[in-house]
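[1] from the sequence below, what's the structure:
(chains A and B)
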Amino acid sequence: MRELPSQARLYAIVAEKRDLQEEPAPVRRNNSQFDWALMRLDNSVRRTGRITKGLLQKVFESTCRSGGPGGNQALLLLRSCGSLLPELSLAERTEFAHKIWDKLQKLGVVYDVSHYNALLKVYLQNEYKFSPTDFLAKMERANIHPNRILGFMKTKDLAVTEAVFSALVTGHARAGDMENAENILTVMKEAGIEPGPDTYLALLNAYAEKGDIDHVKQILEKVEKSDHYLMDRDLFQIIVTFAKAGYPQYVSEILEKITYERRYLPDAMNLILLLVTEKLEDTAFQILLALPVSKEENINVFGSFFLRHCVTMNTPAEKLIDYCKKLREAKLHNASLQFTLHCALLANKTALAKAVMQALKEEGFPIRTHYFWPLLAGHQKTKNVQGVMDTLKIMNELGVDPDQDTYVNYVFPCFDDVKSVRAALQENECLPQSNAFAQAEVRSEAKNGNLENILSKNIDLWSKITELLYKNGRYCQDPQGPSEAVGYFLYNLIDSMSDSEVQAKEEHLRQYFHQLKEMGVKVPENIYKGIRNLLDNYHVPELIKSHQLASSDLESTLEKLKAESQPVGDALKQLVLALCAEENMQKALEVKAKYESDMVIGGYAALINLCCRHDNAADALSLKQEFDRLDPSAVLDTAKYIGLVKVLGKHGKLQDAINILKEMKEKDVVIKDATVTSFFHILNGAALRGEIETVKQLHESIVTLGLAKPSTNISLPLVTVHLEKDDLPAALEASIDCHEKYKILPRIHDVLCKLIEKGETDLIQKAMDFVSQEQGEMTMLYDLFFAFLQTGNHKEAKKIIERSVIPRLSTRSSVPVSVCSCLTFFPVLNSCPLYLLIRHRLHFQSSVAHAGGSCTIEDMLQLTWLYREEKEEGCHVSLLAVTGRPLHSSCHALLLSLCSPDTLPPAWELSKQLSLKFVSLLFVSFSSILLKLRILLCASSPDTSAGVSFSAVPKLLLCVSESSGKGQRLKTQERSEVQCLPTSSLAIGYRVKSASGERCTYMLFTALTRGSGHGIKTPGAECGVVLLSSAPGEAKGRGPPESGGQPGQQSKPGYICGSELIRGNKLSSRESYGVSYMLCGGSVFQTPGMRARPARLQWFCDRCISGNQVETLEKLVELTQKLFECDRDQMYYNLLKLHKINGDWQRADGVWNKMQEENIIPRERTLQLLAEILKSSNQEVPFDVPELWFEDDRPSLKSSSTPAVETDTEKMLLNACRLRKNKDAYNIFLKAQKRNIVFSSETYSTLIGLLLKKDDFTQAMQVKDFAETHIKGFTLNDAANSLLIITQVRRDYLKVALATLKAALDLEQIPSKLAITRLIQAFAVKGDLESIEAIQSMVNGLDAIDLSRMVFINNIALAQMKNNNIDVAIESIEHMLTSENPTIEPQYFGLSYLFRKVIEEQMEPALEKLSIMSERLANQFALYKPVTDLFLQLVDSGKVDEARALLERCGAIAEQSSILLVFCLRSAGKPKKAPVLKTLLELIPELREKREAYSSSMKSYALDKDVTSAKALYEHLTAKNVELDDLFLKRYATLLKDVGEPVPFTEPPVSTLN
Amino acid sequence: MAASAAGRAMAFRARAGQHVAFIRKIPWTAASSELREHFAKFGHIKRCSVPFDRETGFHRGMGWVQFSSQEELQNALQQENHIIDGVKIYVQAQKPKVLQGAQTSDEEKDF
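    Here you go, the predicted structure:
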């Protein structure tokens, strides 16, 4: 074992080397979560050389939260658990690493050898003692082969590295063999390797560990003389070794050697932290003092990190205080004690805090009251009264008197009332001499509204308190204060009273307010408003009036003051405010005019607002001007500015309004969300008034001033204003204009709807062109779709969604882009044709099963035409398959286009774009080809369709090639190939002809040729074959071109289907890919496929719901049925939401049926919603317990939570799994398998789980085999393994099932209880005792499975009985039950399963002996559980006579009511148990009056519709005057009604059944 | 309780523009009385507040000092370094945000 550590070290070295190589790769990964984690950890390491526990914890948690952590994240986290955590003890670090390891494994991270290496490295850094053999075994178990390590070790490189020798040095030293350790150096030299710093360091550490300072010094000298150089970091290591080995005395000698280079400061700090963690604070402190720090003036705080960590590590207080003093003396830290106290308070370490405060006091520093607050706050949180008292005592000891705040904020909240505080303080002798406590008492009571305690009903007392507050300067030192203090007193007083209290004391309060008024107490305006709001809330508005100063009073006061020539400013303001409050604008303006010279800013502000409210723009504006003159810098509050803008805008004072907006910007007025909403309302108001200019200019000002962002919302009025005037061109223009300015398209939906209503085809076209160009075709299609739906043009909506139903590869904008992105992402394309076909449930799937791999062009074409034929009705589909091969080293080029005379212009455009992209790749310019083609096509007009001879194709091809000027370069061989090509085209062409009737019109092709001219040697030629066919008017349901077509559609004659193939002669699965488009409506390039955009769909749903548009929503749901990736459940959920609002259960019921037709698995919430609707309309709910669905939903939830890059195929597979379409899912798997597409482990587990659930055992095993051979270390997850076991048991593959169980347990999985139980039971029936015992030992100690011991006891007994060892079994059971220390309490010793099995399997002798045993246990040991269980099993199996006999022999059974009642309750939950319960009640009549029994019986009778028994029971109970509950009666009543009998009592309400 | 805290904050906001200094980076060892003591040399202090977080028992390092006059506030602002308990604190004038007589929230809704 000795060499093991060093061997282990080698792994670490390997890991390190690997690190270096692999590090950059994961960084580049486009994985933001990973980048974030890496960045944070990396930053921390770079800055400080360490990672704090908190940071690592945070990164770890966020990694877990992210759902599917990647292997690279796991690696990053694991690696951080070693020496980068100096603040954690070694053991804690390893524990952390293990925590991360286990958690991530649970989250599905598959560990590979790099993770094991990282773990190993962490072990070594943390000096964690582990067994390398076990470690390797663990790796092997996980199917990880440390080949790379072993392989690496074998390489020559390893044999000669210094690292190996260093490891050997350490190894020898650890073994105590210093001589050999030293000798290694000689060996090294002999081997031609000069010992380097690492080797010396190993040796130094070895000596340091032994405390051999002499040798250490010798070696250090030796190193100094050599050309080697030990870094500070290395010396620090020696220090740690000395300190840890118990030789701190030598530390100083090493410290002398340290150069204290600045860059090693983080290392030094880490060393200090590590030493503190290791409880070697003295050494740590010694190093701290030795560190070179610039000692500037008197603001030094060096060493805080040390002090903080000492506090965390519970360094003894005396030591810590000593360090503090020394730090201060050394002028390193001028507030060391205060800092330590802060840390202690933060960590809530009372004892330490006390000690430090004592020290502070001794040093002459003040101890302040608030120092104790953190401690008190801590106790307060836990309501720790003793803690609070202790803290108060400490305060007492330290001579600190708690002040009012201390009592009110931190002490009182721990107690129920103030009285008990006083008592507790007295008891603890903490009641202070000062009157702080008494004052606090009053304050607290007032605050808590315990008026009766301090005030009882004595209004005078309230007044006195108020007066005191008002007049006594002690409470408020500044002259303006009193009114405020009183204000808050009142506010608090009222706020703390409940509304009933206020109402009850209304009279008191009125008197009180009256007295206050008498006393001349004034309350500031803002507080008064707060109080007013409170009283409003309490519904005592009368009180407000009583307190409000009437404006008339004020006016007279004002006049009086004026007459006396006293300053009137304040009174004037009061009056203006009062008049404003009374909404008396006229009067207010008069007053203002009268006392103009005395007006203050505040008065103006209120007046301006008043005028705005009263729509008085002129006065508002002039007041504003006066306001500005009075104080140009004065700022109004936001609401007042908004009021001004509104009123000015409304009255056509546009420029003034804009000036106000400018002022808002200049004066930096606060803009809140509500302000932005106000802007919208202003604009919208103007829009509704039809004021175009106002809307435009105000909007422009608001946005350009930056007062609000140009959001869609705020821009709506720009369009609204035109819509209101029905000026559609302007509305559209406004919306488009917004897009040009702000990249938003406000109200485009509404505009479109209107356009459709008015049939403005040209404008629709314009809108669509714009949207399509700016936001992509998909957006355009959605816009159009929603607009058609909204306007009731369902047919058109349908066309849009249906003709686009086949997904396109790229959802983005126009075709060229799609094609280009296809080229880049060919793996995605790989799965496409297949995908398509499956989506459409084509039955010729098999013919293209190999589509991805070896599909030939002919196959694809075949398929295309087959598809057309199959779907002639309404089919506008064809496949355009494009296969390609690399034309250039890095590019897959290809191309194709197809055209008819009608579509030539777009084709032309396309070709131009493509040739731009590919011009370097293709030396035949597409544009020139197409130019020629165009000429050719024009020549072959539809009329001469028949004349376009297929035989002309090769000639055309050659012609094109040659005329392009490059054709001459075609090799002879290639030409001949080109000439051969049309054979297949011809065949296809004829098919087309026959398929589409006689009027097969066009065909055309393009050819692509490549030559050797560009240095690409390609034997054989590649050519493209294009075949197009079209039959105008042929397709049903599509009108001829002159019919004009629908708005927004490019109604071109017929449709064109095209396909283009460019084919190389060496197609591999990777090189070939197919692209499928759906081409329809004759506009090849204008119809992308639609796929679900959940946000947009939801937007429209919400719109329908809020507008209560049932029909529209229904149509939407109907039309989106085939929309790719549409969340059907979500759609129906929305529909149900609307039905719920309308209480329309019939429609809701219809939804339920539709969902079934569509074969949708609803989510739980959908079912719950449906159930709610039905229930609230008193309808029967046609399905039960929604919880059942929950499990089904899980795989889909899981799959959605793993954002890993899933291919479309994988998504499809998971989708099929979610829908529980096992056949489909399996087929997808098969096809993927052929194409070597490998999914994630989780996907396979899900698929296998589904197959097993559906009992497709063989298929499940095939999937498993594939997964195992393609995913390293693939294992089924717990759930799938459990299902596998159950299936194997069902198929009677017991031994295999046992092996599965073993394998799962070896993987530390937790198989389900059910799976294990099933397996055990199966073995028991077989009498296979040995296997049961094997399982028992396997699961022994695995509490997580939660397997009852009775499972084993029952089944072992059963197995023994099966083997005719009845006596052994019985003896063993009896022994267990009667032993002095029973392992299982007799009341839990349930043998029902055994009894039932014995009865079922008709094992008469065993039954007899069991019966005897049970009776004996009852009679001799008073153990009634077995006999009662037996009795119940007899009843349950219909062996009534035996049961009765047993009962007669053992009357005590009847008294085991708890067992009997549990049986009743359980039986009532199952169907067809009415007879059993009936028998039971007959056998033991006294049970009938027990509530559980009669309720259960009634439930059962109702379930089985046993009216007679129900009636008998009811009559029996009423005869006995048993009070029956509603549930019982309701069940009975329902039963009676069902059979048409009268209900002899008032039927309880429905709610009881829920 | 919450209401009173909010009320106090509101009170200070209401008085904004009335010679209030906003203080940052107050050391944990100092509370309002230390602040008051320190700023007393610049003039008469009408109000001084350092709000504490009742959850933790610590303040958040911020506080407000209201002087009787603009001149006094300027005195305080003009001194370069303010040091309390050996720690430099940062003093600045409270930015006026809301006009005197600021309205309660119910008026905000009224546009």
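
[2] show me where chain B has its helices.
    Per DSSP state H, chain B carries helices over the ranges B:2-14, B:32-39, B:70-78, B:105-108.

[3] thought A:Tyr407 was touching A:Pro432?
    No: applying Cβ atoms under 8 Å as the test, A:Tyr407 and A:Pro432 come out as separate, 9.3 Å apart. All C-beta spots, glycine's among them, are computed from the backbone N, C-alpha and C.

[4] between these two, which has more neighbouring residues?
    When A:Tyr407 and A:Pro432 are compared for neighbours, A:Tyr407 comes out ahead with 24 against 16, by other Cβ atoms under 10 Å in any protein chain shown.

[5] so A:Thr1300 is in which element?
    helix A:1294-1306 (DSSP states H and E).

[6] buried residues in the helix or strand just after that helix?
    Using DSSP H and E, the helix or strand that follows helix A:1294-1306 in sequence is helix A:1313-1326. Using 16 or more other Cβ atoms under 10 Å in any protein chain shown as the test for burial, helix A:1313-1326 gives A:Lys1313, A:Ala1315, A:Ile1316, A:Thr1317, A:Arg1318, A:Leu1319, A:Ile1320, A:Gln1321, A:Ala1322, A:Phe1323, A:Ala1324, A:Val1325.

[7] what angle do helix A:1294-1306 and helix A:1313-1326 make with each other?
    Angle, helix A:1313-1326 to helix A:1294-1306, by axes from the mean of the first three to the mean of the last three Cα atoms, to 10 degrees: 150 degrees.

[8] got the CA positions of helix A:1313-1326 in PDB?
    Taking C-alpha atoms only, helix A:1313-1326 is exported to PDB below (Å, rounded to 0.1, in the frame of the first residue of the first chain):
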ATOM      1  CA  LYS A1313     -40.600  -0.500  -4.000                       C
ATOM      2  CA  LEU A1314     -43.100  -2.000  -6.400                       C
ATOM      3  CA  ALA A1315     -40.400  -3.500  -8.600                       C
ATOM      4  CA  ILE A1316     -38.600  -5.200  -5.800                       C
ATOM      5  CA  THR A1317     -41.900  -6.400  -4.200                       C
ATOM      6  CA  ARG A1318     -43.100  -7.800  -7.500                       C
ATOM      7  CA  LEU A1319     -39.800  -9.700  -7.900                       C
ATOM      8  CA  ILE A1320     -39.900 -11.100  -4.400                       C
ATOM      9  CA  GLN A1321     -43.500 -12.200  -4.800                       C
ATOM     10  CA  ALA A1322     -42.700 -13.900  -8.000                       C
ATOM     11  CA  PHE A1323     -39.800 -15.800  -6.400                       C
ATOM     12  CA  ALA A1324     -42.100 -16.700  -3.500                       C
ATOM     13  CA  VAL A1325     -44.700 -18.200  -5.700                       C
ATOM     14  CA  LYS A1326     -42.000 -20.300  -7.300                       C
END
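
[9] ok, residues contacting it?
    For helix A:1313-1326, the external contacting residues (Cβ atoms under 8 Å, 6 or more residues apart in numbering or on different chains) are A:1281-1283, A:1285-1286, A:1289, A:1292, A:1294, A:1297-1298, A:1301, A:1329, A:1331-1332, A:1335, A:1339, A:1345-1347, A:1351-1352, A:1354-1356, A:1358-1359, A:1362, A:1397, A:1401.

[10] residues near A:Gln1098, how many?
    Applying other Cβ under 10 Å, I find that A:Gln1098 has 14 neighbouring residues.

[11] distance of the one residue sitting closest to the centre of chain B from A:Gly192?
    Centroid check for chain B by Cα atoms, centre = their mean gives B:Trp64 as the closest residue, at 1.0 Å. The gap separating B:Trp64 from A:Gly192 is 76 Å, by Cβ to Cβ, to the nearest Å.

[12] before we move on, back to that, lowest-confidence stretch among the helices of chain B?
    Between the helices of chain B, the lowest average pLDDT goes to helix B:105-108, which shows a mean of 32.

[13] got phi/psi on A:Val223?
    Main-chain dihedrals, A:Val223, degrees, to the nearest 10: phi -60, psi -40.
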